[in-house]
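S.K.: would you be able to build a 3D model of this:
(one chain, ligands or ions: 1)
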Amino acid sequence: MIGGLTVSPKKRYYCKVMLESSGGERQKSGSGHESPAELSVKGPFYAGGLRFSCQRCSACCRFESGYVYLSRQDVSLLRTALDMPYDKFIEKYCRWVPEWNGKSRLSLKEKRNYDCIFWSKEHGEGCRVYKERPLQCRTFPFWPSIMESKDNWEMTAQDCPGTGEGELHSRDSIEKMLAKRRMEPIIFRDI
Ligand code: SF4
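M.R.: Purely as a prediction, here's the structure:
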């Protein structure tokens, strides 16, 4: 039990990315997709805002393998917080994830038990770099792949107890998060 919530190691949703797809996030299919004409009349399903407050249950940072991809801004913030030179930071905390197109993406490492490399019991059972955590973590669950449809949002809510609870995030703030993801691309290199 953590923070009043039972965390099962069998939880399936994970805010680390599950696949190495070119979109960078696990894609879920569903019937919640609407046509451009419908969207122009009603707006996206989140037009009235969505509730989310992280319950700090750690279910999305542990237990299953996944990827936390990093942008230049992420690396810069983390290196500053940890006071580490670039090469040392990459060697100690990062891995390159190969893609189908001859490139690889920079991701955080994970421990042998699949916990995020920065998840720690010594920090109140949580992220030891929470204030400087990567944009992928900071914007969960307002990811492009989840905001694609109401079905995807509802599927996420089944596994994340913070989804649908607490703070109301307006359409404007959600779209700012989506735009931020576009403006801070993941670091790639040739394999
Ligand atoms: S409430 Fe959701 S976002 Fe917060 S730690 Fe739990 S699973 Fe992750």
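
S.K.: so where do the strands sit in this structure?
M.R.: Counting by DSSP state E, the chain has strands at residues 50-52, 94-98, 103-108, 119-120, 126-127, 163-169, 188-190.

S.K.: have a look at this protein and report its longest helix.
M.R.: The helix spanning the most residues in the chain, taking DSSP state H as the definition, is helix 171-183.

S.K.: just the angle between that helix and strand 163-169, please?
M.R.: 100 degrees (axes from the mean of the first three to the mean of the last three CA atoms, to 10 degrees).

S.K.: run through the residues that contact the closest residue to Phe89 other than its chain neighbours.
M.R.: Closest residue in space to Phe89, ignoring its immediate chain neighbours: Arg79 at 4.9 Å, by CB to CB, 6 or more residues apart in numbering. Any C-beta I mention is one placed from the backbone N, CA and C, and that applies to glycine too. Residues in contact with Arg79 (CB atoms under 8 Å, 6 or more residues apart in numbering) are 85-86, 89.

S.K.: tell me the spacing between the residue nearest to Pro161 when sequence neighbours are not counted and Lys42.
M.R.: The spatially closest residue to Pro161, leaving aside those adjacent along the chain, is Gln55, at 5.0 Å (CB to CB, 6+ apart). Separation of Gln55 from Lys42 (CB to CB, to the nearest Å): 30 Å.

S.K.: now Ile191
M.R.: On the measure of CB to CB, Ile191 and Lys42 end up 44 Å apart.

S.K.: what segments of this protein are helices?
M.R.: Using DSSP H, helices in the chain cover 36-42, 72-82, 86-93, 135-138, 144-147, 150-159, 171-183.

S.K.: can you pull the buried residues of the fourth one?
M.R.: Buried residues in helix 135-138, counted by 16 or more other CB atoms under 10 Å: 135-137.

S.K.: show me what from the protein comes close to the ligand.
M.R.: Neighbours of the ligand within the chain, by CB under 6 Å from any ligand atom: 15, 54-60, 140, 160-162.

S.K.: what about 5 Å?
M.R.: In this structure, the chain approaches the ligand at residues 54-55, 57, 59-60, 160-162, judged by CB under 5 Å from any ligand atom.

S.K.: with distance to Lys131 added, can I get those residues in a markdown table?
M.R.: Output for the residues of the chain next to the ligand, formatted as a markdown table (distance: CB to CB, whole Å):
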| residue | distance to Lys131 |
| --- | --- |
| Cys54 | 13 |
| Gln55 | 18 |
| Cys57 | 19 |
| Ala59 | 20 |
| Cys60 | 17 |
| Cys160 | 21 |
| Pro161 | 22 |
| Gly162 | 18 |
